[in-house]
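Participant: compute the structure for the input listed below.
(8 chains)
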There are 8 protein chains.
Amino acid sequence: MTDGFEDLGYARADTGRERRLGLPEVVYGPGKTSEQIIGVVRSLLAANTGPVLVTRLSDEVAAAVGAAVPGGQHDPAARLLVWRPAPRRAFRVVVVSAGTSDAPVAAEAAAVAGAVGLDVRELRDVGVAGIHRLLAEVEVLAGADAVICIAGMEGALPSVVGGLVGCPVIAVPTSVGYGATFEGVTPLLAMLSSCAPGLVVVNIDSGFGAAVAAHRMAGSR
Amino acid sequence: MTDGFEDLGYARADTGRERRLGLPEVVYGPGKTSEQIIGVVRSLLAANTGPVLVTRLSDEVAAAVGAAVPGGQHDPAARLLVWRPAPRRAFRVVVVSAGTSDAPVAAEAAAVAGAVGLDVRELRDVGVAGIHRLLAEVEVLAGADAVICIAGMEGALPSVVGGLVGCPVIAVPTSVGYGATFEGVTPLLAMLSSCAPGLVVVNIDSGFGAAVAAHRMAGSR
Amino acid sequence: MTDGFEDLGYARADTGRERRLGLPEVVYGPGKTSEQIIGVVRSLLAANTGPVLVTRLSDEVAAAVGAAVPGGQHDPAARLLVWRPAPRRAFRVVVVSAGTSDAPVAAEAAAVAGAVGLDVRELRDVGVAGIHRLLAEVEVLAGADAVICIAGMEGALPSVVGGLVGCPVIAVPTSVGYGATFEGVTPLLAMLSSCAPGLVVVNIDSGFGAAVAAHRMAGSR
Amino acid sequence: MTDGFEDLGYARADTGRERRLGLPEVVYGPGKTSEQIIGVVRSLLAANTGPVLVTRLSDEVAAAVGAAVPGGQHDPAARLLVWRPAPRRAFRVVVVSAGTSDAPVAAEAAAVAGAVGLDVRELRDVGVAGIHRLLAEVEVLAGADAVICIAGMEGALPSVVGGLVGCPVIAVPTSVGYGATFEGVTPLLAMLSSCAPGLVVVNIDSGFGAAVAAHRMAGSR
Amino acid sequence: MTDGFEDLGYARADTGRERRLGLPEVVYGPGKTSEQIIGVVRSLLAANTGPVLVTRLSDEVAAAVGAAVPGGQHDPAARLLVWRPAPRRAFRVVVVSAGTSDAPVAAEAAAVAGAVGLDVRELRDVGVAGIHRLLAEVEVLAGADAVICIAGMEGALPSVVGGLVGCPVIAVPTSVGYGATFEGVTPLLAMLSSCAPGLVVVNIDSGFGAAVAAHRMAGSR
Amino acid sequence: MTDGFEDLGYARADTGRERRLGLPEVVYGPGKTSEQIIGVVRSLLAANTGPVLVTRLSDEVAAAVGAAVPGGQHDPAARLLVWRPAPRRAFRVVVVSAGTSDAPVAAEAAAVAGAVGLDVRELRDVGVAGIHRLLAEVEVLAGADAVICIAGMEGALPSVVGGLVGCPVIAVPTSVGYGATFEGVTPLLAMLSSCAPGLVVVNIDSGFGAAVAAHRMAGSR
Amino acid sequence: MTDGFEDLGYARADTGRERRLGLPEVVYGPGKTSEQIIGVVRSLLAANTGPVLVTRLSDEVAAAVGAAVPGGQHDPAARLLVWRPAPRRAFRVVVVSAGTSDAPVAAEAAAVAGAVGLDVRELRDVGVAGIHRLLAEVEVLAGADAVICIAGMEGALPSVVGGLVGCPVIAVPTSVGYGATFEGVTPLLAMLSSCAPGLVVVNIDSGFGAAVAAHRMAGSR
Amino acid sequence: MTDGFEDLGYARADTGRERRLGLPEVVYGPGKTSEQIIGVVRSLLAANTGPVLVTRLSDEVAAAVGAAVPGGQHDPAARLLVWRPAPRRAFRVVVVSAGTSDAPVAAEAAAVAGAVGLDVRELRDVGVAGIHRLLAEVEVLAGADAVICIAGMEGALPSVVGGLVGCPVIAVPTSVGYGATFEGVTPLLAMLSSCAPGLVVVNIDSGFGAAVAAHRMAGSR
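Facilitator: Residues are numbered from 1 along each chain as shown, chains lettered A, B, ... in the order given. From the prediction side, this is the model:
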């Protein structure tokens, strides 16, 4: 068990993760230099066969890394770099977001889910203050294998969605709002307290986490 | 301005409140002895002509006070004692509650609203995890002059109601739930953060506060 | 029920809101591009007959949007753009603020209330540390159909106002203060805990929310 | 859409939930009288064909309800009553708990998961301070379709498990601990902040929520 | 400096405090046995000449201690035992409280202030929702050398009093209220955030602390 | 009572405050334009005879205001502008600070205290981790009529000082520190929880508040 | 690595901990039945040679366990059961506590430290409001190899001690206090924010944790 | 006791600290001017014989101070200036960090520990989501006299390390993470709540505090 990683000095690339988890380690961009990211990406590309992702990248760092490691695709809205995206599988993820301000989180969720091979569809701006906008899409929801449900402010959308469909609903609170939303704490607590049974929750603004959670669910099919 | 109250030693009954606010002072029961409550009630009955209420009473204290001051009506579910309830006015308040555990707060809101002369109708157990239960009652909501909307847990119900009707919606968070609901803090914050425009919020479990707020709105008709 | 909105791709304009709530959807500016705002405003102007508002705009975005969609009026102090303001109704809203630092929130409340047709009057800098400044205006308060009461720091003003008048009092906490005011949390909690009966509260700094709440109350006249 | 529930006066049994979600409504016991529970259970048994569950029951209430509605099985450790448990499906859920004090939450998770037809296996007392106890069970973990991972105190166990297996890991914080664990808030926050990708989290002590989440995942197979 | 205390094994009575601070050490009752209190009181009576006080006593412990150490006076409302109360000085402290539920804290403040020789006057139930009750007593306030101002809920009273008089105003938040008052946190924060200049604040429910603070101020005359 | 203030439109200068409190209103600088400050200062200088202060000024605003209203003295370290400072009275305030980073708060406390006529002496950098530095100054402390005690981090200094002297001790928490000091919350809570009897506390970083509190105490001599 | 524990069904006794850490696993009593404790104790006694401890025991459970497993010593003040206490080593731990109410935590720290072979000395009631009581014991502190420093309320004592001695200082916050102490949160934060360099902190009320930390330090001698 | 410090006006250099604690006072850089730092450093160099350190320096201030006081060594990654580093002692500190983003805190811990004479070894990027990376280094951990264990996010690493080695483990939470990590609060609470016995914790991001704690432990050898 002493193998399974590569010691780069500044980092230990977890090269065994693909074998254990079915997906190579994903690189979290913030707090790393372009050089560090390049080194880790090269290590992961060499040691694995699946998709390699770097998240939360600024355009500048993305350009530098992309130039150094050929073959990567940059999605600026999602702040994501991807090499070797996985082929699409028959697992439909519907990414539902409550308001237009939630778009960056939805973009990350959709892009990561697509990169790891899930079949993604998006529904935007279906917040509960105009509930008919959501009810008009019940058919789309019914076709989902999993729903990623993204909302800031009061975070009510997953409770309604969770009462409409029986598939897994992954709730993502966002930091959208002001005052009593406390940078996403309010929707986070609301989602954890939901009256809809069996909702699951990830960290604030973590479109990435929700997409990987969906990948785990697809893997268990 | 030195008049307008009666000094009972242990309390200063605000006998001028009916003239200023249109409603006599309401007595908050907890932390007062039966004797103190009896004294304040007698003072308020003598100095005003409108309804006199005591809230949050145990059955024991209610019995003692009711025996000492004749004419009071006791509503145990609402923990309320009322003398001289106001005649019913043409202002319809619909009291909507999300779950059966919210019943005590709903009972207080309905009983106080009725005692101050509002026309009350109740809708119970219409939480958002089964949104069709609420949508089946859109006609009832449309007939409201004001809605008192009561919910614990994630507190999502007022956001949906606030998107369905244009009349005032008074949101009441309850302490129902466990864990991340933090005794009502979560629904309180959710209601304050609502994406539905123009919701207003009162303190946790304050069915009383919501009913008096509705009375203020009726008075401004 | 599948109609009632227009799908713009990045947003679903709730074109049915005027019919349901008596007021077209209001556009919250932050987090949207000028192009997105322009698109939503055009959709709302086409589908409704009443006032269309965009809130919390920077001067730059307001200029861009105003140039693209003729007929809008820009109020920089209130950070508001308005098309087709509603005719004034006989519902008097008095906007009371505690200190000069609360002026931006008061400006938003007054401007939105005016735009949706309410009859607005302002009282500024009447904080409770010089209570005679408020008591000098009791006549103005007595003429209100609703009071919007704005305060930061300890948030005491609504409690005093709520004891002076019987009409609805909508309390707005502001983020004015430092240290133990916690960006408005302290006045928010104080207003929710008020000893004055029947106060209602909106989110921190939400002059907009208070004005729409007043509009709901006027609508129920 | 006006059907799909039965109005019992004190409650609206969501009789359409089985059709929408694949599982009848589950009754949350606290805050309801035995009579109310009996009424809802009868309604749900009549309107659905699947398992009917009541959670968080005291032994007294369980005895009263069980006597009134024949056919129920009572699991005192899990505080659960079940009628018509679902036949076992080929979806293996491994319920892993960190310490012996987490046993009640683990019992609820295991009992609910079993009642809704999942194939349950338990691993107890494998907390990270003796990590070899967990590593000895890697084979059991590898056979899971989903892992429910329960921990109080610092809530570290799901991070380790999430790095060992690729299937869904549902983290359940418990209120076990004292001082800086704050009744489960600390493990809740730790689990949401986990460095292991794609963990999902439910409310504090919610073995029930985790089991229903697993059921949703099984349903998507 | 190695003297100035007596080592009783379980406690080190600070026998030098009267010399340094002008007042003997005061014994905080909770968490001590009757025997421990008796020992400390005897030590303090022997080593000092001024008043000796024990605070927050249950009636049972007060009876036991009072029987063992003659000459003590028990004030049950204030939960206080006093030996050798100080002669009254010409320093007038007005103890103002907002509501009848604040009475226990006001009683402790008044009793301790009297025991250490201050000239105490009380004003009760003058909360800001009926501001005329306070304004009727401006003359009493004007005669104060210091005001102790006690309030729960929104804690607004000290801000108003601090704007009426120029003497020191010691604000005491109480744990009276429910929901968003958070056991006194809300009035505590409100008092610290007051717009009235130069207010000072003590711990929640600490009538004792306020009285000793007043004693310090009198000592500096 | 309708007099006692001057309505400037954007502000109501409380011209009666000097008569009521013995000190003219102090102008809090942040959130006001130079023009607004100039207007209020002129109003206060005209209506009062005592010192007029503006606090928390940037150098730019101070220069503009100072140029427009002659006679003001600017103290950049204290961010204070003063006109007509009061003559020095025989009331000694010792301003004690724990660390060099607390200097700005100490400067404000000392400058304001001096401007309102108190006799100020400063002791700097006497934090409790080198307790001998404080004990070397016991004589200075013994000569105080009041001590203003300023500390960030763990806020322990007032507890030690409060056990050494019998005069009033006004504790000022500062936002100095990082991590678990939470911008001054930790020393604030520590000072409120002090084991030293009769400490009083003001808001975080409020050197101004402490100085005015000392002025109130001096006034009551 | 699959050995090193014994699977008791309800628990996995970590029998390898003595080999890895130099001290057998300690049993935390709360939440376990007497039978479970007895089983784990027997397992640990059989698999190790060092001391076996059970903490936080009620007298009833201690009696039952003590009767079933001979040779245990019960310390009721420390709520501790010990079998095979370790021989005393030349590592002096001084347990310093601020007030008499901190005695239970001090008792646990001292008893556990003694049971694992440390040389314990106690100093009680040396809080900072009478700093001379601590300074009188500087010689005792100077002889320590480690100091365990216990305080509630403002938690200032470790900062002073940490400035007097160079050996390790382990700070233990206690839940002693009321109001703004928040059950020990205030001293916890204060200790973490200490200006004395190199203090270390354990959980609230964790005399046990402090003693084991001291054992780790002794072990590294 | 009046000696032991040098009064520089703006600061009191604690020149006696080396004698009392075995290490000269360390200068905390933020909030001090270059001139102030230079003065204190000169005072400490003159009055002591051991290492003198300044922490948390920007490159600009470090350059200015280094130019004025010859002989200092600047470590930019650790933001540290050191004069007269101590000779290396036979006390091995292993600095373990969970992720690459924790590198700045690890650098400070390692640099300070080295400067005060400890024998430092680093292990980086061994977070628990790839537990094999840590288990591969058990031999390195077994050779430690103390471990400094640094982690952000869920802060789980010290619990695992604390179960592997018997030497002191000093846990350092970092502010690495987003959302529910709350700038380091989550790992702080997790470390305080650890199930591994005898962990000790320092402030968020305090690599400095951990290194000085290790120095205290080395001194007690």
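Participant: how much space between the residue of chain A found nearest chain H and A:T186?
Facilitator: Nearest to chain H, among the residues of chain A, is A:I204, at 3.1 Å (C-beta to the nearest C-beta). Yep, even glycine has a C-beta here, placed from its N, CA and C like the rest. Per C-beta to C-beta, to the nearest Å, A:I204 is found 10 Å from A:T186.
Participant: domain-wise, how is chain A divided?
Facilitator: A:6-83, A:92-219 (automatic domain parsing).
Participant: that older thread, neighbour-wise, which of A:I204 and A:T186 wins?
Facilitator: Higher neighbour count among A:I204 and A:T186: A:T186, with 29 against 25, using other C-beta atoms under 10 Å in any protein chain shown.
Participant: on that earlier part again, what residues are shared contacts of A:I204 and A:T186?
Facilitator: Residues touching both A:I204 and A:T186 (C-beta atoms under 8 Å, 6 or more residues apart in numbering or on different chains) are A:P173.
Participant: in this structure the residue of chain A closest to chain H contacts A:A171, no?
Facilitator: No - using C-beta atoms under 8 Å, A:I204 is not in contact with A:A171, being 11.0 Å away.
Participant: now do the contacts for the residue of chain A closest to chain H.
Facilitator: Here A:I204 is in contact with A:173-175, A:183-185, A:187-188, D:192, H:178-180 (criterion: C-beta under 8 Å, 6+ apart).
Participant: for chain A, which residue gets nearest to chain E?
Facilitator: Nearest residue of chain A to chain E: A:A180, at 11.1 Å (C-beta to the nearest C-beta).
Participant: in contact with that residue: list those residues for me.
Facilitator: Contact partners of A:A180, counting by C-beta under 8 Å, 6+ apart, are A:186, B:189, B:192-193, C:188, C:203-204.
Participant: so it, which state does it fall into?
Facilitator: helix (DSSP: H, G, I helix; E, B strand; the rest coil).
Participant: and it, how far from chain G?
Facilitator: Applying C-beta to the nearest C-beta, to the nearest Å, the value for A:A180 to chain G is 22 Å.
Participant: give me the spatial nearest neighbour of that residue, chain neighbours excluded.
Facilitator: Counting by C-beta to C-beta, 6 or more residues apart in numbering or on different chains, A:A180 lies nearest to B:L192, which is 3.9 Å off, once chain neighbours are set aside.
Participant: cool, and A:V82?
Facilitator: Nearest non-adjacent residue to A:V82 (C-beta to C-beta, 6+ apart): A:A115, at 4.5 Å.
Participant: wait, what's in contact with that neighbour?
Facilitator: Contact partners of A:A115, counting by C-beta under 8 Å, 6+ apart, are A:51, A:53, A:80, A:82, A:85-86.
Participant: for chain C, give me its nearest residue in chain A.
Facilitator: Residue of chain A nearest chain C, by C-beta to the nearest C-beta: A:G179 (3.1 Å).
Participant: quick one: that residue from chain G, how far?
Facilitator: From A:G179 to chain G the distance is 24 Å (C-beta to the nearest C-beta).
Participant: burial count for that residue?
Facilitator: The tally of other residues near A:G179 (other C-beta under 10 Å) stands at 22.
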